[in-house]
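J.: Model the structure of this input:
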Amino acid sequence: MRKALGLSGAQLARRMGVTRARIAKAEQAEKLGGITLKSMQDAADAMGCRFVYAIVPANGSSEDLILVQARKKARAIVGTASGHMALENQALPTERITREIERLAQQLAREMPPGFWDDP
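T.: So this is what the prediction gives:
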């Protein structure tokens, strides 16, 4: 952000009340993944920016992640039941199994029972 704003290291150092060497050290630490959140907040404040530290889903939303897990669980549950039913010559049609997986997935996503995030 400093470079995008056209601020020199010395200018940022003056705004933060630290030395230019400290800015260089902080930027090097940032590259190596060793900077503190406090340092980032202080730098953001000095540049008139807001520092945001967040964990966000790689794809979609948190609701999407929950539904993906719910579908995994539902497929495992319905798959086990379907296997037992097939052994008893009572297999359900594929369309009905698909509907049941989706129905159960929606229920699991709403309730998120204990063990929800355990692998099926």
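J.: so where's the longest helix in the protein?
T.: Ranked by residue count under DSSP state H, the longest helix found in the chain is helix 62-87.
J.: mean confidence for the helix or strand following that one?
T.: Next in sequence after helix 62-87, counting helices and strands by DSSP states H and E, comes helix 94-111. For helix 94-111, the mean per-residue pLDDT is 93.
J.: What helices and strands are in contact with helix 94-111?
T.: helix 62-87 (3 or more Cβ pairs under 8 Å, 6 or more residues apart in numbering; DSSP states H and E). All C-beta atoms are positioned from the backbone trio N, CA, C, and that covers glycine.
J.: Low-confidence regions, this structure specifically.
T.: Low-confidence segments of the chain, defined by pLDDT under 70: 83-91.
J.: Provide a list of residues in contact with residue 71.
T.: 101-102, 105 (Cβ atoms under 8 Å, 6 or more residues apart in numbering).
J.: Looking at those, which one is closest to residue 82?
T.: residue 101 (9.6 Å; Cβ to Cβ).
J.: That closest one: neighbour count?
T.: 21 (other Cβ atoms under 10 Å).
J.: Number the chain from 339, please
T.: Yep, numbering from 339; the last one is residue 439 now.
J.: Grab the most central residue of the protein for me.
T.: Centroid-nearest residue in the chain, with Cα atoms, centre = their mean: residue 395, separated by 3.2 Å.
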